Structures are given as C-alpha cells and as structure tokens.
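>>> just to be clear, the model below is a prediction. Sequence and coordinates:
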Amino acid sequence: MIFQDVWAWFTTPGAWAGTGGILQRLGEHLAYSGLVLLVAAAIALPLGAWVGHTGKGQNLVVALTGALRALPTLGLLTLFALWLGLGLTAPALALVILAIAPLLAGTYAGIAAVDPVIKDAARAQGMTGWQVLTRVEIPVALPLIFGGIRNAVLQIIATVTVVAYINLGGLGRYLIDGLAVRDYTRMVAAVLLIAALALLVDALLALVQRALTYPGLR
Amino acid sequence: MSWFLANLPYIGQLTALHLAQSVIPVVVGFALALPLARLALGRRADGRSTEAYTTAGQVRKGAVVNGAALLYTVPSLALFVLMPLVLGTSITSPLNVYVALTIYVVAMMVRSAVDAFESVSPITLEAATAVGYTPLRRFWQVELPLSLPVMIAGLRVALVSNISMVSVGAVIGIQSLGTLFTDGLRRDIPAEIITGILLTLVLALVLDRLLALVGATLTRWRNP
C-alpha cells in the first residue's frame, strides 16, 4: 500500500537529518522562499502604498498585475536559467516577478479602498500625508494587504518546488528525483511535505495578521 | 522566428492541448462552484432582515468559504501528483491535470460566487418577491443576472490563473505549452521557451477578452 510505503519513507533512519535529509531540504525551501518574499515585498509594498495613497498610475498597476498573472512562471524560470546559467539568480528573479503581482495588487487595492471620509477626518485632525498613510490607511487596509502577502507566499512556496527542476535544492528535489526514477512513494512524500509547509506557513501568517490588526478593526 | 516556423504543427498541437486544459476545468469548476456557493448562502430572508444570517447559515457559509481557501493552499504540482491516489490513474495521465485544476477553479470561484450573490441588493430581491416571483424564478431572472458582473470578474481571474498554471504539468510530463519550457531548457533553445511564454500570454489575453465580451453581452442591462 502506498500509504504504508510513504510512512516507511518518512521513518527510514537518516530520512530527516544529515545531507539531503528532509530538514536540510526544508531549510533550503524556506530560505529560497524567504529571500524571494523579502525582495518582492521591498519592491511591491512601497510601490503599492504610493499608488494607493496618491492615486497616480492606477491603470498601470491594474494592467501590470493582470499581465503578470498570465505570465507562466515555469517559462520565466527556464528562460532565465538558460540566459543566466544554473544557480540562484535565475529562479530568484523569476519568483520575484511572480510574487510582485499579488503583493502590489493587495497593497494598492487595500489602500485605495480606504473610505475617503476617514482620510478627510485624519487630515482635519492635522495629520500630514505621511501620517495619514502610516497611521490610518495602512492599518485600515491591513486585511487586504495581508491577503496579498498570503497569496504571494502560497505561490512562492508552491513554485519554489519547481526550482529543483533546474538543479537546485528545496523539497522539490524529492519530487523531481522521484519522478526521474519512477519512485512514486518519494513523490507523494515530497508533495505531502510541501502541502503541509504551505498550510502551516499560511496559518502562521493568519496569526501574525491578527496580532497586527488594531483590536477595533478586527 | 525560424524555430517557430519550422515547428508549427508541433506548436499547434501543444496549443490545442493547452487550450483544452485551460477551458474544460474552468467550465466544470464554475458549474460546480455556482450551486455550492448558492447553497452555502442558504435561503436569504428578504429586505432589511437579509444582513442577519441565521447562525446555521453563517456556519455553513464559513465552512464552504474556508474549505475552499484551504484547498487553494495546496500547491498545484502537489495536487497533480496526489491525483493518481484518488483517481487510480497513471502519473502521466492528463486526467490528473483536469481534475486537479477543476478543484482549483472550484476553490477560487466559490469565494467569488459567494461575493457575487451577496452583491445583489436585498431590496431588489424583496421587490421581485413582492411582484409575484416564485423563489426559483427569482433566482434565475433576478438574482443570477444581477450577480453576473462580480461573477464574471472572478471567473476572469480564475481563467487567467488557470492558463498559467496548466504549464506546470509539463514538469511531470503532461503535454501543454509548458512542454516548450521543459523541452527548450533541455535542448538549450531559448526561442522555444519564448514561443511558449508568448503563446501562453496570447491565449490568456484572447480568452480573457472573449470572457469579458460574453460578460458584457449578458449584462447589457447595465448600459441601456
């Protein structure tokens, strides 16, 4: 039975620790994902906040996020791998481009959707534009901004799986290697690990979101 | 360009496969998500009382929406690989992709469909009841048509996401435009990969415009 085989795979001595063990692959998967998220967030969050706050370039953002959604990540990944060679640069670049769309869309839409009455009230109290953004717009828009972040993280974790295809590590390694030798047990074990990781990280982000939201806005 | 011209039949074949894998799951997934979302919302009371759902209704709606969100969390590649366990198919069977992508579309569309039905004003529904619509006729002739703008917007997002997701199946050997990526990488032909990317974009653009047109035709009442 496949489930017993998968269980046996998980409980083999040396499956978790050591070189090529689950813990190492998990660490690689998280490291790639974290790197990509940081770079993408550093670009998309300020840009989205600026567009949402000033209302400039809205059409451009809507068109850009639509086009980015249609862009096949596997295509970018393989193309960059051919141009830049194997290594971390090609997948990092492809994944950052992938992650920008949901981050930008969430931040922009969240801030643009803040009720103008609240913004006027904040200005009437004497807040500067910067204060309105950081103390009113961002806190109120937090659910949508976090929606974008969680969406981006899910896509990153799912797609980092594919970087094993261009000879990098991560949990996708088991999937690609298992496929190469027709070892279905290993493939199932790999995708169970990836799915569990995605669910866990998403749940964690939901908790962070709750902790960051003002009690009055929950 | 020369690579493109030299391989036209091959490209055409892969485009047709990609098209089928893009459209069929969206159609089937939409057909499943629509009743699921409507049943989850339950029977809406009329007029002012609509905002207050019953507790059982809220639980049911929460279960369906959160269940869909949970399904959406599972990576597509993982679903492709797990499908043979559920369906008893072989790992390279295209059926895995069809079923997995359908599950994805359901996961995405249930949320949009719930939002779409909730976007219909309860006062309108009450007016329909007042002029004598039966619940079933009210659904087909009032609620569903008025929910279409939000519904179509959600469907367009699901369709475009689905088109780019189809290519991931190439990693486990399922043919689509994604095959141009894996094959192009293995044989070191950038032109092949670029062809694949451009065709995917064109496919997404054309199908998205087509769906927008269908939506505009179905909601002509918005701009009389």
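Right, received. Where do you want to start?
>>> and for the residue nearest to residue B:167 when sequence neighbours are not counted, the neighbour number?
The shortest distance from residue B:167 to any residue other than its chain neighbours is 2.9 Å, reached at residue B:178 (C-beta to C-beta, 6 or more residues apart in numbering or on different chains). All C-beta atoms are positioned from the backbone trio N, CA, C, and that covers glycine. The number of residues packed around residue B:178, counting by other C-beta atoms under 10 Å in any protein chain shown, is 27.
>>> report the contact partners of residue B:196.
Contacts were defined as C-beta atoms under 8 Å, 6 or more residues apart in numbering or on different chains; by that measure residue B:196 touches A:72, A:75, B:167, B:177-181, B:184.
>>> please identify the helix or strand for residue A:100.
Here residue A:100 sits within helix A:89-112, counting by DSSP states H and E.
>>> about what we covered before: among the contacts of residue B:196, which ones are buried?
A:72, A:75, B:167, B:177-181, B:184 (16 or more other C-beta atoms under 10 Å in any protein chain shown).
>>> buried residues in the longest helix along chain B, which are they?
Among the elements of type helix in chain B, defined by DSSP state H, the one spanning the most residues is helix B:8-41. Within helix B:8-41, the residues scored as buried using 16+ other C-beta under 10 Å are B:11, B:14-15, B:17-19, B:21-26, B:28-30, B:32-34, B:36-38, B:40-41.
>>> could you do stretch A:42-50 as well?
Within stretch A:42-50, judged by 16+ other C-beta under 10 Å, the buried ones are A:44-45, A:47-50.
>>> mind checking which of these land in helices?
A:44-45, A:47-50.
>>> residue contacts, the residue lying closest to residue A:111 once chain neighbours are set aside?
With C-beta to C-beta, 6+ apart as the criterion, residue A:111 has its nearest non-adjacent residue at 2.8 Å, and that residue is residue A:52. Neighbouring residues of residue A:52 by C-beta under 8 Å, 6+ apart: A:107-112, A:137, A:141.
>>> buried residues in the helix holding residue A:100?
Within helix A:89-112, the residues that qualify as buried are A:90-112, counting by 16+ other C-beta under 10 Å.
>>> contact partners for the residue nearest to residue B:167?
Listed by C-beta under 8 Å, 6+ apart, the contact set of residue B:178 reads A:72, A:74-75, B:18, B:166-171, B:196.
>>> got it, and residue B:101?
Applying C-beta under 8 Å, 6+ apart to residue B:101 gives the contacts B:21, B:25, B:29, B:76, B:162, B:165-166.
>>> at 6 Å instead, please
Residues counted as contacts of residue B:101 (C-beta atoms under 6 Å, 6 or more residues apart in numbering or on different chains) are B:25, B:162.
>>> ok, residue A:195 next?
With contact set as C-beta under 6 Å, 6+ apart, residue A:195 has these partners: B:74, B:78.
>>> tell me which helix or strand it sits in.
Secondary structure from DSSP H and E places residue A:195 in helix A:184-212.
>>> picking up where we left off before, columns distance to chain B and pLDDT on top of the buried residues of stretch A:42-50, output as TSV?
Compiled in TSV, the buried residues of stretch A:42-50 are given as follows (distance: C-beta to the nearest C-beta, whole Å; pLDDT from 0 to 100):
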residue	distance to chain B	pLDDT
A:44	18	96
A:45	21	96
A:47	21	95
A:48	18	94
A:49	23	94
A:50	24	94
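>>> much appreciated, bye for now.
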